[in-house]
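[1] Next one to model:
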Amino acid sequence: MFHQILQFLPKIAVCLSALVGIIMVPLGLPGVWLMVASGLVYSYFYDFNPGHSDFGANGILFFLAFLAEILEFLVGALGAKAAHVSTGAVIASVLGGLVGALVGVPVFLMGSFLGLLLGAFLGAFLFELFMTRHFKLATQAAIAVFFSRMVASFLKTCIALGMATYLSYKLF
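    Sure thing, here's the model as predicted:
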């Protein structure tokens, strides 16, 4: 009985890390990479498929994490560019998002995510306002950046959910 419980605990730990990873993604933290790492650590000590290589399962997790990062970047950057937001405003929104996420950490649960969005909005807004001296254009650019960040975060969270589902399927 005790032996069966000990065999089940690593699977529970991987599932919990997948859950934490899903929560981390909308907060702008590397949750998809936490899932990849937990899959790698699990497969180092145990087998997803006894008697078979775990290279395929870990490869799929790595591919999905890499795809999530690429999609997040492309949607965030191209979504803003489609709205004719300047490259400087996009860069300022990324920097503002990073600062906002760090500043928002002390706020329980959603502080990083809200800080990320607010920082991205303010970064784009302040850059465009400084460059164009036109409040309406700066606001439009900031709104475009804000919504492209929201869509990018949603897509990455969906991929994280898929990764967690795949990881759970491989474990059980």
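[2] does the most centrally placed residue in the chain count as helix, strand or coil?
    Residue closest to the average C-alpha location in the chain (CA atoms, centre = their mean): Val25, at 3.4 Å. Assigned with DSSP: H, G, I helix; E, B strand; the rest coil, Val25 falls in the helix class.
[3] thinking it is in contact with Lys156, fair?
    Yes. Look at Val25 against Lys156 with CB atoms under 8 Å: they come within range, at 5.3 Å. For every residue, glycine as well, the C-beta is placed using N, CA and C.
[4] before we move on, the earlier item: contacting residues around the residue nearest to the centre of the chain?
    Gly31, Val32, Ala68, Ser153, Lys156, Thr157, Ala160 (CB atoms under 8 Å, 6 or more residues apart in numbering).
[5] picking that back up, pull up the overlap in contacts between Val25 and Lys156.
    Val32, Ala68.
[6] so what's the nearest residue to Leu98 once chain neighbours are set aside up against?
    Leaving aside its sequence neighbours, Leu98 sits nearest to Gly119 (CB to CB, 6 or more residues apart in numbering; 7.0 Å). By CB under 8 Å, 6+ apart, Gly119 lies in contact with Ser93, Gly96, Gly97, Leu98, Val99, Gly100, Ala101, Val103, Gly104.
[7] which residues does Leu64 contact?
    Val32, Ile159, Gly162, Met163, Tyr166.
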